[in-house]
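# one predicted model, sequence on top.
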Amino acid sequence: MNYETNIIFLLGISFASLLLLNLLVKRNRLKKLDSDIIINLIINKTLNMSKGKIISQIAHAISHVLAHMVSNKEIYKNWKKSGKRINIYEGDFGDIEELSNKAHIFGIKYSKIHDAGRTQIPSGSNTVLIIGPTSAKICHEWFNYLKLIT
């Protein structure tokens with residue numbers, strides 16, 4: 001093996017180690033959540049969806065989260081104990097990108113719901129951002145500037 005091959009090999013091992021460490025940290029965070037668990041949904045208001053469309057997108061988001069919690073029973077139990085809290089906010093595309101980037105950086109579970117485009121909005125449009133289930137303390141400050149839908 002020459003010098004360049006050794007460097008590439010070591011970089012590959014280092015990168016794989018970082019990925020593994022990141023995975024372990026994320027799993028550890030999910031296991032050590034406090035009992036105050038919350039799910040945050042951010043609706044993309046720039047799409048001008050009807051109320052019915054918003055409700056259907058929220059239903060997609062909740063079913064996505066519940067499917068995740070089936071394999072994480074401890075998180076589900078804590079979420080249930082803390083009152084099954086779900087906050088729904090309005091945000092624009094920029095808010096959704098900023099918050100999903102924050103969640104990624106902090107290792108917090110997040111998902112984006114994209115519409116199939118069969119009714120009101122273009123196919124592939126990002127309708128909802130899901131952040132959580134996670135500790136309410138972790139991202140409480142993240143949503144202060146968004147309108148809470150009541």
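Great, that's in hand. Residues are numbered from 1 along each chain as shown.
# so what's the residue positioned nearest the centre of the chain closest to, chain neighbours aside?
Centroid-nearest residue in the chain, with Cα atoms, centre = their mean: residue 110, separated by 1.1 Å. Using Cβ to Cβ, 6 or more residues apart in numbering and skipping the chain neighbours, the partner closest in space to residue 110 is residue 103 (3.9 Å). Placement of C-beta: from N, CA and C, glycine included.
# elements contacting the host helix or strand of that neighbour?
According to DSSP states H and E, residue 103 maps onto helix 93-106. Helices and strands touching helix 93-106, by 3 or more Cβ pairs under 8 Å, 6 or more residues apart in numbering; DSSP states H and E, are strand 37-44, strand 110-114, strand 126-135.
# list the buried residues for it?
95-96, 99-100, 103 (16 or more other Cβ atoms under 10 Å).
# domains of the chain?
Here the domain parsing of the chain from automatic domain parsing is 1-32, 34-148.
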